[in-house]
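1. quick one, what's the 3D model for this:
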Amino acid sequence: MTRLSDYRWHRADPARDTIYALASGQVRAAIAVLRVSGANARNIVVALAGKQPVPRRASLVTFADPRSGTPIDRGLILFFPGPASFTGEDCAEFHLHGGPAVVAAMIAALARFKNTRPADAGEFTRRAFENGKLDLTEVEGLADLIDAETEAQRRQALCQAEGGLRRKAEAWRAALLEAAALLEAEIDFADEADVTPLARRKLAGILAPVRADLEAALAVARAGELLRDGLSVVIAGPPNAGKSTLLNALAHREAAIVSALPGTTRDAIEVRLDIAGIPVTLIDTAGLHASQEPIERIGIERARAKAESADLVLWLSEAKAPVTPEFPPATKVWPILTKIDLHRRFSAREGAIALSAATGENLDVLLERLLNFARTAVGAGEPALIMRERHRKAFASATAALRRAETGIDGPVELLAEELRAAIRALEILIGKVDVENVLGEIFARFCIGK
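-> Residues are numbered from 1 along each chain as shown. Here you go, the predicted model:
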């Protein structure tokens with residue numbers, strides 16, 4: 001993983017290096033896009049395109065090597081003067097034919113310019129953050145948007161990338177700054193008897209709605225994190241209960257080996273599913289039973305650990321001989337009776353789903369229940385505000401400070417002011433106004449080159 005120290009040397013003045021990177025895929029394609037950002041971008045555009053293009057308007061030009069004058073390709077050039085650009089610096093995009101030789105020749109030409117170098121992972125976005133074009137939550141939303149696999153993930157990430165969380169946090173911060181001003185006024189006019197009661201009543205009216213909003217977001221925090229990371233559903237049960245067959249049926253492919261031999265599945269097999277726009281990781285595990293075979297016992301221990309940490313466990317056992325699962329009370333377990341195509345005479349259990357993964361019988365019933373479970377888990381309303389543990393901590397810190405302030409609303413003004421400062425600081429950490437260095441390296445290292 002890239003360390004924060006790897007980034008620090010790039011943080012400099014406007015004369016720092018101009019960076020470039022391929023923003024499109026690395027494979028052979030119809031179009032390739034090369035991005036450039038920095039103080040030398042304008043000179044690079046003129047040297048390669050032979051002219052200064054109209055800002056923010058695509059121009060068809062012949063790109064040529066400035067050293068030899070040899071044509072490289074004919075394509076489009078876009079120039080974005082700073083600060084009205086993604087990074088806040090002068091930026092350019094070269095749209096070329098996507099052949100490897102064309103891209104290599106263009107990159108070689110860019111590399112010969114003075115103070116110009118390849119971009120690090122996420123460096124374009126980092127410069128946008130440093131130049132005030134994006135706040136930290138928008139950066140995180142952009143990263144999630146790039147990684148989004150499902151429609152629901154896309155909607156949630158887009159909301160944050162477009163400033164949904166930032167706008168909320170700034171509104172709360174503005175309200176708390178107003179409250180802080182009331183306390184300052186109380187300090188300035190402490191000798192006037194009627195000031196304190198009026199200020200405290202108004203203060204309480206400001207703090208309560210902010211605290212209620214923060215608490216409401218915290219109450220559904222798990223939903224946002226689940227949607228971002230995906231739900232985990234473990235298929236567990238005794239050997240030969242049909243676990244791998246069910247995994248393959250739900251995945252619509254042969255993801256796991258199916259055999260009549262007990263212990264075929266030794267390690268967990270994961271399949272990523274998109275259930276109505278909600279990401280679900282389906283995990284097939286080793287059969288749970290008493291075993292003396294060392295390697296099989298490791299697989300069984302891992303299977304149990306996976307099940308106990310999952311959002312949902314599908315407990316499979318044959319319809320002719322149901323087995324009762326043994327998990328901690330907090331584990332959410334659905335009993336599934338399998339192989340009903342082979343065993344038509346069986347006793348149905350309350351709440352259990354009886355199905356045949358081999359024939360598909362009642363598989364639609366299980367899928368419908370999974371869909372309802374997933375929708376309930378991630379919520380069906382507006383996109384969640386809290387999508388990461390960092391967000392949750394900032395919300396919790398601000399909420400705790402406001403609760404203390406409301407509890408001591410009639411107490412010393414100095415204590416109230418300190419609690420307000422703590423709440424405001426938590427919101428500023430959330431959007432990246434203060435104390436961001438400890439998270440920047442981790443966030444930007446996850447970006448792809450060219451973004």
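2. quick check, pLDDT for D194.
-> The per-residue pLDDT reported for D194 equals 54.
3. keeping just the C-alphas, turn stretch 383-401 into CSV.
-> What follows is stretch 383-401, C-alpha atoms only, in CSV (Å, rounded to 0.1, in the frame of the first residue of the first chain):
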residue,chain,number,x,y,z
PRO,A,383,-28.9,7.5,-0.1
ALA,A,384,-27.3,7.2,3.3
LEU,A,385,-24.9,9.9,4.5
ILE,A,386,-22.6,7.6,6.4
MET,A,387,-20.7,5.3,4.1
ARG,A,388,-17.4,4.7,6.0
GLU,A,389,-16.2,4.1,9.5
ARG,A,390,-14.5,7.5,9.4
HIS,A,391,-17.8,9.2,8.8
ARG,A,392,-19.4,7.2,11.6
LYS,A,393,-16.8,8.3,14.1
ALA,A,394,-17.1,12.0,13.1
PHE,A,395,-20.9,11.9,13.4
ALA,A,396,-20.7,10.1,16.8
SER,A,397,-18.1,12.6,18.1
ALA,A,398,-20.2,15.6,17.1
THR,A,399,-23.4,14.0,18.5
ALA,A,400,-21.8,13.3,21.9
ALA,A,401,-20.5,16.8,22.2
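4. contacts for it next, please.
-> With contact meaning CB atoms under 8 Å, 6 or more residues apart in numbering, stretch 383-401 is reached by 137, 140-141, 144, 155-156, 159-160, 164-165, 168, 172, 211, 214-215, 217-218, 220-221, 223-225, 227-228, 378, 419-420, 422-423, 426-427, 429-430, 439. All C-beta spots, glycine's among them, are computed from the backbone N, C-alpha and C.
5. what average pLDDT does it get?
-> pLDDT averaged over stretch 383-401 gives 91.
6. in that stretch, what's buried?
-> 383-388, 390-392, 394-401 (16 or more other CB atoms under 10 Å).
7. quick one: low-confidence parts of the stretch 251-400 of the chain?
-> 255-267, 289-297, 347, 380-381 (pLDDT under 70).
8. recalculate using a threshold of 50.
-> In the prediction, the stretch 251-400 of the chain carries residues with pLDDT under 50 at positions 259, 264.
9. where do the strands sit along it?
-> For the stretch 251-400 of the chain, strands defined by DSSP state E, counting those that start in this stretch occupy the ranges 269-275, 278-284, 312-318, 333-338, 353-354.
10. now those strands in CSV, with distance to T18 and mean neighbour count?
-> As requested, the strands of the stretch 251-400 of the chain are exported to CSV (distance: least, CB to CB, whole Å; neighbours: other CB atoms under 10 Å):
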stretch, distance to T18, mean neighbour count
strand 269-275, 39, 17
strand 278-284, 38, 22
strand 312-318, 50, 24
strand 333-338, 57, 22
strand 353-354, 60, 20
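11. excluding chain neighbours, what is closest to L134?
-> Distances taken as CB to CB, 6 or more residues apart in numbering place A128 nearest to L134, at 4.7 Å, with adjacent residues excluded.
12. let me see the contact set for the one you found.
-> 86-88, 134, 139.
13. measure it to L415 for me?
-> Per CB to CB, to the nearest Å, A128 is found 39 Å from L415.
14. pLDDT (mean, whole number) over the helix or strand hosting the residue nearest to L134?
-> Using DSSP states H and E, A128 maps to helix 123-130. In this model, helix 123-130 carries a mean pLDDT of 92.
15. now it: buried residues?
-> Neighbour counts over helix 123-130 (16+ other CB under 10 Å) mark 123-130 as buried.
16. then whichever helix or strand comes after that helix to CSV, C-alphas only?
-> Sequence order places helix 136-147 as the next helix or strand after helix 123-130, per DSSP H and E. Extracted as CSV, the C-alpha positions of helix 136-147 are listed here (Å, rounded to 0.1, in the frame of the first residue of the first chain):
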residue,chain,number,x,y,z
LEU,A,136,-12.7,14.9,1.4
THR,A,137,-16.2,13.4,1.3
GLU,A,138,-16.5,14.2,-2.4
VAL,A,139,-13.1,12.5,-3.0
GLU,A,140,-14.4,9.4,-1.2
GLY,A,141,-17.6,9.5,-3.2
LEU,A,142,-15.6,9.7,-6.4
ALA,A,143,-13.6,6.7,-5.4
ASP,A,144,-16.7,4.8,-4.6
LEU,A,145,-18.3,5.8,-7.9
ILE,A,146,-15.3,4.4,-9.8
ASP,A,147,-15.6,1.1,-7.8
